[in-house]
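# Generate a structure from the sequence data that follows.
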Amino acid sequence: MNRTKYIGAAIYYDGDAWDILLGKTLVEKCLPVITVLTLAATGSEMDAGGVISNPDTKDKIGLIFPPMQPKVSFLDPTNTYTVSKFQTASGAADMLNHIMELPSNGT
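Have a look, this model is predicted:
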């Protein structure tokens, strides 16, 4: 889903799409994003942010741009029934990690 957000934003940018993630440009427009959840995890269906990994540089970069906010999100819990126990546990661990994170100001 996060890739979808950045692809939607990159459509309106003439340079290298990685410039968006590297903070070299701001996202002012994005194609409409519609999500259909199949795995409970990060909650990116509810926010304007996204994290992308670059396997070549081993970077993991996350940014928030209001135009990347999904316009509509659909969640039918039955879509998650076929997800493996491992993936379900990984999603739960990710959620707990985000809940326990300190705010960026350290308080």
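# for the one helix or strand residue 86 maps to, which positions count as buried?
Assigned by DSSP states H and E, residue 86 falls within helix 85-100. Of the residues in helix 85-100, those buried under the neighbour-count criterion (16 or more other C-beta atoms under 10 Å) are residue 91. For every residue, glycine as well, the C-beta is placed using N, CA and C.
# Same check on stretch 20-35?
Buried residues in stretch 20-35, counted by 16+ other C-beta under 10 Å: 20-21, 25, 27, 30-31, 33, 35.
# give the contact list for residue 17.
6-7, 10 (C-beta atoms under 8 Å, 6 or more residues apart in numbering).
# try 10 Å this time
Listed by C-beta atoms under 10 Å, 6 or more residues apart in numbering, the contact partners of residue 17 are 6-7, 9-11, 25, 52.
# Those residues, buried ones only, as a ChimeraX selection?
Buried subset of the contacts of residue 17, written as a ChimeraX selection, criterion 16+ other C-beta under 10 Å:
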select :6,9,10,25,52
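# Now, the contacts of residue 17 that are in helices?
For the contacts of residue 17, the ones inside helices are 6-7, 9-10, with DSSP state H as the criterion.
# which two in these are spaced the farthest apart?
Taking C-beta to C-beta, the two most distant members of the ones in helices among the contacts of residue 17 are 7 and 9; they sit 7.3 Å apart.
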